[in-house]
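Participant: Sequence plus the predicted model coming up.
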Amino acid sequence: MQLLINAIASAAILAPAAIGFTLIFTLFRYTNFAVGAFMTTGAFAAWGMNALGLPIWTGGIFAVLFGAALLLLSDRLVFAPLRGRSGGTLLLVSIALSVILDNVIRFAFGTQIRAFDLPLVPPLTFAGLRFTPETLWVIGISVVATLAVGALLTFTRLGRALRAVADNPSLASIRGLPVPRIEAAGILLAGALFGLSGTLVGLDLAIEPNLSLALAIPVIAAAIVGGLGSPLGAALGAVIIGLAEELTVAFLSAPYKGAVGFVVIAIVLLVRPQGLLGRIVERK
Amino acid sequence: MDAYLVAILTTAAVYVILAMALNIQFGLTGLMNFGVVGFYGVGAYTSGIVTETLGQPILIGMAAALAVGGIAGALVSLLSVRLSGDFLAIVTLGFAETMRLVFNNEDWLTRGPRGFLIMTRPVIDGLGREASAWFILGVFVLVAVLAFVLLNRLAGAPFGRVLRSIREDDLVPATLGKNVLAYRVQAFMLGSAVMALAGSLYAHYVQTITPDNFTTQIAVLVWMSLIVGGAGNMKGAVLGALVVTAIYEGTRFLAPLLDFLTPTQISALRFIIIGTLLIAVVRFRPEGLLPERTRRPRQAA
């Protein structure tokens, strides 16, 4: 049971970023490997506000806004001029961007490990299970954010427009949708989710400048397992990855938690090579 | 200064070999291997284990690195070559990260983060310090030249032409009766084996390898070499590796001008420069310095 709680906490951290990742993928059909670096940047943005003495929730809000702005900026500078290039080219560029962001953080903050300034509270015990208040916050915020994004995509005009553009941008444009503005909205939303996930990382774990790769692989794995393109699938994928990670820590070996994402992707590809990904793989 | 130049050239030779290996995989066949450091590291540790733990001569170590690199490449590619670009890239990245975890945690095999000490060097006994450095450089250049001659021939041979056609459109060679999957696996194996060989050379040169030697940043340098030089062109891969090494090592000379920065900041700055240049090259000159030459059929009269 305790394991289940830890797994849900892990999933809660991954889910918003996995949804953001899948959103970018459906809109532009490329794998943004810099997702880990965006999360790390978000964690540092929140930490920076917190270190200035502001309460942690302002840090979180700042991280969300910062993540949205940063993703939009990087899209304008880096990805937008390369629209239409192959997915592989954009992936390479996103890895380069990830290295740049990592090193900007290293440049600005050094290599020290940071943590939010949180009051130390003894863990709550409930029916023999131990919760830290942070874990509850992480799970709560993530569930609310996931449901909110799901509702946004399903029920609102913007959500319908986003899905239409993702499905077929030229058709959406003919139907009179302002495609560039909708794409920008999707980017802002994804960036905000990256920032949020980053804050959750900071709440649950320590913040390190070289977290990026360790974050990017499980996030991408969650999105792939859940079936790329489906936000609900991404959230579900996050739960599967979280569970797999905790099972590894509990029964195999804690240091290999980092390999779980890779192994899960490998298994998915072995069992269903055409995959949960289905038709998307056919594209060049 | 002299010793420094020899050291840079020796490192450059390793990057030249890595870039040529990646050229087989990505340049010719279009397979995106972001796990370059995984195979490079596997080669380094294999060679270290064979020469130090098992006490075999260095040539056996290099051969073992080639073999293990090839096997690892076959396994990774069998898992994923049927998938298009991005997913292979993610799987290979995951492979490299998993390998780094293995190097870090399997202390009994790799001595973990403290580093694996390697006494065996590719030199003949009785040379002085400086002469040894030159000798090692000579060995590395020899291996790089051999690799260039072989791989360049292969790239121009029918085998290489099939690889190129697979990269462009795998339906065409498949229709002509070529086993596309087998060609992809072979190309990936060959590239991975050569990467492992480069790792073996590197290990016997630096003599202490730690998991930190095999991070994704190194893979970015190799990718940058190939993209800058010109993917698909073996000479381009060589030129690109030399240019990237020159930029990377050249930025070292910025350090005295920026003495108000800490060493960590300077190292970070170098990678910021490298990453930015890579994005700029992809955007403004995607074909690289030496674009791939393709033979066109003669025009009908």
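Facilitator: Alright, I've got the coordinates. Residues are numbered from 1 along each chain as shown, chains lettered A, B, ... in the order given.
Participant: list the contacts for B:L261?
Facilitator: B:L269 (C-beta atoms under 8 Å, 6 or more residues apart in numbering or on different chains). Heads up, the C-betas are built off the backbone N, CA and C, glycines and all.
Participant: Spell out the secondary structure type for it.
Facilitator: Per DSSP: H, G, I helix; E, B strand; the rest coil, the secondary structure class of B:L261 is coil.
Participant: where exactly do the helices run in the stretch 101-250 of chain A?
Facilitator: Using DSSP state H, counting those that start in this stretch, the helices of the stretch 101-250 of chain A run over A:133-155, A:157-167, A:169-174, A:179-204, A:212-225, A:231-247.
Participant: of those, which approaches chain B most closely?
Facilitator: helix A:212-225 (5.5 Å; C-beta to the nearest C-beta).
Participant: tell me the most buried of the helices of the stretch 101-250 of chain A?
Facilitator: Of all the helices of the stretch 101-250 of chain A, helix A:212-225 carries the top mean neighbour count, a mean of 28, counting by mean count of other C-beta atoms under 10 Å in any protein chain shown.
Participant: what packs against that one?
Facilitator: helix A:2-28, helix A:35-51, helix A:87-109, helix A:231-247, helix A:260-271, helix B:85-105 (3 or more C-beta pairs under 8 Å, 6 or more residues apart in numbering or on different chains; DSSP states H and E).
Participant: let's see 7 Å
Facilitator: Counting contacts by 3 or more C-beta pairs under 7 Å, 6 or more residues apart in numbering or on different chains; DSSP states H and E, helix A:212-225 is packed against helix A:2-28, helix A:35-51, helix A:231-247, helix A:260-271, helix B:85-105.
Participant: okay, the angle between the second one and helix A:212-225?
Facilitator: Regarding helix A:35-51 and helix A:212-225, their directions subtend 120 degrees when assessed with axes from the mean of the first three to the mean of the last three C-alpha atoms, to 10 degrees.
Participant: before we move on, what SS does the residue lying closest to B:G70 once chain neighbours are set aside have?
Facilitator: Once flanking residues are discounted, B:G70 sits nearest to B:A193: 3.7 Å by C-beta to C-beta, 6 or more residues apart in numbering or on different chains. With three-state DSSP as the basis, B:A193 sits in helix.
Participant: And the strands in chain B, which stretches?
Facilitator: With DSSP state E as the criterion, chain B has strands at B:116-117, B:208-209.
Participant: Pairing partners for the last one, with directions?
Facilitator: Sheet pairing here is set by DSSP bridges, and for strand B:208-209 it gives strand B:116-117 (antiparallel).
Participant: circling back to that earlier point, quick check, the residue nearest to B:G70 in contact with B:A65.
Facilitator: No - in this structure B:A193 lies outside contact range of B:A65 using C-beta atoms under 7 Å: 8.2 Å.
Participant: higher neighbour count, the two?
Facilitator: B:A65 (32 against 23; other C-beta atoms under 10 Å in any protein chain shown).
Participant: who's in contact with the more buried one?
Facilitator: B:G43, B:T46, B:S47, B:A196, B:L197, B:G199, B:S200 (C-beta atoms under 7 Å, 6 or more residues apart in numbering or on different chains).
Participant: one more time with 10 Å
Facilitator: B:39-40, B:42-50, B:193-201, B:203-204 (C-beta atoms under 10 Å, 6 or more residues apart in numbering or on different chains).
Participant: Just name the most buried of the strands of chain B.
Facilitator: strand B:208-209 (a mean of 18).
Participant: Run through the residues that contact whichever residue of the stretch 51-200 of chain B sits closest to chain A.
Facilitator: Across the stretch 51-200 of chain B, no residue is closer to chain A than B:G94, which sits at 2.8 Å (C-beta to the nearest C-beta). Going by C-beta under 10 Å, 6+ apart, B:G94 touches A:213, A:216-218, A:220-221, A:258-266, B:34-35, B:38, B:76, B:80.
Participant: Over to A:A108?
Facilitator: A:F44, A:G48, A:P209, B:Q265, B:A268.
Participant: The first one reaches A:S212, doesn't it?
Facilitator: No - using C-beta atoms under 10 Å, A:F44 is not in contact with A:S212; the gap is 11.4 Å.
Participant: what residues are shared contacts of the two?
Facilitator: Joint contacts of A:F44 and A:S212 (C-beta under 10 Å, 6+ apart) are A:L101, A:I105.
Participant: since we're on the closest residue to A:L243 other than its chain neighbours, how many residues are nearby?
Facilitator: Nearest residue to A:L243, sequence neighbours excluded (C-beta to C-beta, 6+ apart): A:A7, at 4.3 Å. Counted with other C-beta under 10 Å, residues neighbouring A:A7 total 22.
Participant: which ones are touching A:A7?
Facilitator: By C-beta under 10 Å, 6+ apart, the neighbours of A:A7 are A:A238, A:V239, A:I240, A:I241, A:G242, A:L243, A:A244, A:E245, A:E246, A:L247, A:V249, A:A250.
Participant: if we go to 6 Å?
Facilitator: Contacts for A:A7 (C-beta atoms under 6 Å, 6 or more residues apart in numbering or on different chains) come out as A:G242, A:L243, A:E246.
Participant: quick check: mean pLDDT across stretch A:209-226?
Facilitator: Computed over stretch A:209-226, the mean pLDDT rounds to 85.
Participant: Also stretch B:250-258?
Facilitator: 77.
Participant: List the contacts of the closest residue to chain B within chain A.
Facilitator: Ranked by C-beta to the nearest C-beta, the top residue of chain A for proximity to chain B is A:F262, at 2.8 Å. A:F262 makes contact with B:G94, B:T98, according to C-beta under 6 Å, 6+ apart.
Participant: per-residue confidence at it?
Facilitator: For A:F262, pLDDT reads 83.
Participant: what about residue 64, neighbour count?
Facilitator: I'll assume chain A. 24.
Participant: sorry, should have said chain B
Facilitator: B:A64, neighbours per other C-beta under 10 Å, totals 20.
Participant: SS state for A:R85?
Facilitator: Strictly by three-state DSSP, A:R85 counts as coil.
Participant: about what we covered before: the residue nearest to B:G70 touches B:I71, doesn't it?
Facilitator: No - B:A193 is beyond contact range of B:I71, at 8.6 Å (criterion: C-beta atoms under 6 Å).
Participant: about what we covered before: to B:A157, which of the helices of the stretch 101-250 of chain A lies closest?
Facilitator: Comparing the helices of the stretch 101-250 of chain A against B:A157 with C-beta to C-beta, the closest turns out to be helix A:212-225 (36.6 Å).
Participant: Any chance you could list what contacts the closest one?
Facilitator: By C-beta under 6 Å, 6+ apart, helix A:212-225 touches A:14, A:17-18, A:21-22, A:33, A:35-37, A:39-40, A:98, A:102, A:234, A:237-238, A:240-241, A:258, A:261, A:264-265, A:268, B:90, B:94, B:97, B:216.
Participant: got the contact list for B:L221?
Facilitator: B:V244.
Participant: and with 7 Å instead?
Facilitator: B:L221 neighbours (C-beta under 7 Å, 6+ apart): B:Y15, B:V244, B:Y248, B:I274.
Participant: do B:I8 as well
Facilitator: By C-beta under 7 Å, 6+ apart, the residues touching B:I8 are B:T245, B:E249.
Participant: how about the residues of chain A that lie near chain B?
Facilitator: A:31, A:78, A:81-82, A:86-89, A:91-93, A:95-97, A:99-100, A:103-104, A:106-107, A:110-111, A:213, A:217, A:220, A:255-256, A:258-259, A:261-262, A:265-266, A:269-270, A:273, A:281, A:283-284 (C-beta under 7 Å from any C-beta of the partner chain).
Participant: swap the cut-off to 6 Å and go again
Facilitator: A:31, A:78, A:81, A:87-88, A:91, A:93, A:96, A:99-100, A:103, A:106-107, A:110-111, A:213, A:217, A:220, A:255-256, A:258-259, A:262, A:266, A:269, A:273, A:281 (C-beta under 6 Å from any C-beta of the partner chain).
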